[in-house]
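A.B. asks: Output the structure for:
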Amino acid sequence: MAGETKTTRDHEEIRRWAEDRGGRPARLHHAFGAKPESCHLQIDFLQEKYNDDVEPIAWEAFFELFDREQMVLVYQTETEGGKKSCFARIVKQEGVAQALIE
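C.D. replies: As a prediction, the model looks like this:
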């Protein structure tokens with residue numbers, strides 16, 4: 001269904017979804033309001049070299065942090081208009097319900 005928001009913890013599903021859209025695994029440093037020891041993962045679609053806060057990481061390292069921090073990918077495969085969607089948020093397990101309504 002177009003525009004439907006889904007969730008997954010499946011590594012292969014996440015990797016396939018991201019790579020199909022040109023995304024790479026990354027870790028975000030200095031996120032607004034973040035504690036230094038916190039884990040902020042994202043799928044980087046822009047691969048902007050000028051942003052020092054975004055560090056590309058290997059899928060293995062990404063999934064190690066993803067599992068350790070009990071993260072979930074909240075994502076869409078298509079927009080409401082039926083186009084390929086790059087919408088994705090990586091949240092802690094307990095934050096899934098909130099991420100689905102935002």
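
A.B. asks: Just give the closest residue to residue 80, not the sequence neighbours.
C.D. replies: Nearest non-adjacent residue to residue 80, counting by CB to CB, 6 or more residues apart in numbering: residue 3, 3.5 Å away. To be clear about C-beta, it is placed using only N, CA and C from the backbone, and glycine gets the same treatment.

A.B. asks: distance of that neighbour from residue 29?
C.D. replies: Distance, residue 3 to residue 29, using CB to CB, to the nearest Å: 32 Å.

A.B. asks: how about residue 75, phi and psi?
C.D. replies: Per-residue torsions, residue 75: phi -150, psi 170 (degrees, to the nearest 10).

A.B. asks: Torsion angles phi and psi at residue 18?
C.D. replies: phi -60, psi -50.

A.B. asks: I'd like to know how many residues surround it.
C.D. replies: Residue 18 is flanked by 21 other residues according to other CB atoms under 10 Å.

A.B. asks: How about residue 74?
C.D. replies: Burial of residue 74 is recorded as 20 neighbouring residues (other CB under 10 Å).

A.B. asks: for residue 68, same thing?
C.D. replies: Neighbours of residue 68 using other CB under 10 Å come to 9.

A.B. asks: for residue 16, same thing?
C.D. replies: Residue 16 has 11 neighbours, counted by other CB under 10 Å.
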